[in-house]
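*Asks:* Have a look at this fold, sequence not included:
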Ligand code: SER
């Protein structure tokens, strides 16, 4: 029986992944942890305040709950990391090293850790960026994710730690808000559209970025973690892809449902970050190794997002 601990459980991915893990493995078998108070959505299951920088506290929680598997999601995202470079490096690196060291000691038998399309920099091919590309990231977040990937691979090779990872594109979901990412506009835009307000986009109209609907991201994560270890050929982090669009294309798709919706463009420092990232991703390795295949394209994602976010907003969440 798997007993799971999730760090960063109150974040955009954490809150949705935790709920799905609870429905698969049983509510009591998934311990949600974070440094902040849990949102309503996480109030049904076990929750602990936990700082991943505190290795003894992490070890204590693993011991107390008999944890087998950790989903270590706590991190600072790309835009926020540019404002707090020291904190981002400390949290993104030391947090991961604490988890890997505890896994090496046998406290966790399986580790999931998220990487990102931010590992690529301007030297990687923009279209269908291959799994093995030159990675020269120009952001602190990208540097920390690239170093983290190498640590994962090192702990697997040297100590046999079963650590698995995905290079997520921008994630879009209606149950929780992202915080401090360059792809956040693709979530914010839906809130403005449903409020009947004009949306001011912090990226240029033609900034194409790889994106994914949250349902697909959660499915990919769980599929990877359930895959036979013998089928996992990538121990740094898998490229993962679903949709790729520009702010203009997203706005156009939203206008099919809400014809009055208007968008304007006021690019800020995040434009530079976006320009250093790929337009689209080649995820052949994930498709071949553990049969990854996304369900949502742009049209399906926008329809589902508008329908569900409207419902959530009527109920006063999030
Ligand atoms: N969505 C993330 C960000 O924008 C990319 O990993 O920071």
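*Replies:* Arrived safely, thanks for sending. Remember, it's a predicted structure, so these values are computed and weren't measured experimentally. Numbers count the residues shown, from 1 in each chain.

*Asks:* Would you state the strands of the stretch 151-300 of the chain in chain order?
*Replies:* 162-168, 170-172, 199-201, 209-213, 238-239, 243-245, 263-265 (DSSP state E, counting those that start in this stretch).

*Asks:* The stretch 1-150 of the chain now?
*Replies:* 4-7, 30-34, 47-49, 69-72, 110-116.

*Asks:* Those: which one's closest to the ligand?
*Replies:* strand 110-116 (3.2 Å; CB to the nearest ligand atom). Where you see a C-beta, it was placed from the backbone N, CA and C, and this is true even at glycine.

*Asks:* Sheet-wise, list the partners of the closest one with their directions.
*Replies:* Strand 110-116 has its sheet partners listed here by DSSP bridges as strand 69-72 (parallel), strand 162-168 (parallel).

*Asks:* Identify the residues contacting the first one?
*Replies:* The reference is to strand 69-72. With CB atoms under 8 Å, 6 or more residues apart in numbering as the test, strand 69-72 has contacts from 2-8, 14, 17, 21, 52, 62, 95-96, 99, 103, 108-113, 221, 225.

*Asks:* Now the residue lying farthest from the centre of the chain: closest residue in space that isn't a chain neighbour?
*Replies:* Here the chain reaches farthest from its C-alpha mean at residue 260, the gap being 31.5 Å by CA atoms, centre = their mean. Nearest residue to residue 260 in three dimensions, chain neighbours excluded: residue 196, at 7.1 Å (CB to CB, 6 or more residues apart in numbering).

*Asks:* now do residue 51
*Replies:* residue 35 (5.2 Å).

*Asks:* That neighbour: neighbour count?
*Replies:* If you count neighbours by other CB atoms under 10 Å, residue 35 ends up with 15.

*Asks:* try residue 134
*Replies:* Residue 134 has 11 nearby residues by other CB under 10 Å.

*Asks:* so how far is residue 126 from it?
*Replies:* Taking CB to CB, to the nearest Å as the measure, residue 134 falls 12 Å from residue 126.

*Asks:* for residue 191, same thing?
*Replies:* 29 Å.

*Asks:* Quick one: mean pLDDT for the longest helix seen in the chain?
*Replies:* Determined from DSSP state H, the single longest helix within the chain is helix 140-159. Here helix 140-159 scores 98 as its mean pLDDT.

*Asks:* how far out from the middle of the chain is it?
*Replies:* Distance of helix 140-159 from the chain centroid (CA atoms, centre = their mean, to the nearest Å) equals 16 Å.

*Asks:* Run through the neighbouring helices and strands of that helix.
*Replies:* helix 78-83, helix 85-89, helix 95-104, strand 110-116, strand 162-168 (3 or more CB pairs under 8 Å, 6 or more residues apart in numbering; DSSP states H and E).

*Asks:* can you give me the angle it makes with strand 110-116?
*Replies:* 150 degrees (axes from the mean of the first three to the mean of the last three CA atoms, to 10 degrees).

*Asks:* Which residues of the chain lie near the ligand?
*Replies:* Selection of the chain residues close to the ligand by CB under 6 Å from any ligand atom yields 77-78, 116, 118, 141, 168, 170, 181-183.

*Asks:* Pipe those into JSON lines and attach neighbour count per row.
*Replies:* Shown next, in JSON lines, are those (neighbours: other CB atoms under 10 Å):
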{"residue": "77", "neighbour count": "21"}
{"residue": "78", "neighbour count": "29"}
{"residue": "116", "neighbour count": "30"}
{"residue": "118", "neighbour count": "30"}
{"residue": "141", "neighbour count": "27"}
{"residue": "168", "neighbour count": "23"}
{"residue": "170", "neighbour count": "25"}
{"residue": "181", "neighbour count": "23"}
{"residue": "182", "neighbour count": "31"}
{"residue": "183", "neighbour count": "27"}
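
*Asks:* Would you reformat these as CSV and include distance to residue 268?
*Replies:* Compiled in CSV, the residues of the chain next to the ligand are given as follows (distance: CB to CB, whole Å):
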residue, distance to residue 268
77, 15
78, 13
116, 20
118, 17
141, 16
168, 23
170, 17
181, 14
182, 10
183, 14
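
*Asks:* was I right about residue 183 contacting residue 168?
*Replies:* No - between residue 183 and residue 168 there is no contact under CB atoms under 8 Å: 9.4 Å.

*Asks:* tell me the contacts of residue 89?
*Replies:* Per CB under 8 Å, 6+ apart, neighbours of residue 89: 140, 143-144.

*Asks:* make it 6 Å
*Replies:* residue 144 (CB atoms under 6 Å, 6 or more residues apart in numbering).

*Asks:* pLDDT wise, what is it at?
*Replies:* Predicted confidence (pLDDT) for residue 89: 98.

*Asks:* Quick check: the gap between it and the ligand.
*Replies:* 15 Å (CB to the nearest ligand atom, to the nearest Å).

*Asks:* Quick check: residue 30 touching residue 22?
*Replies:* Yes - using CB atoms under 6 Å, residue 30 is in contact with residue 22, at 4.6 Å.
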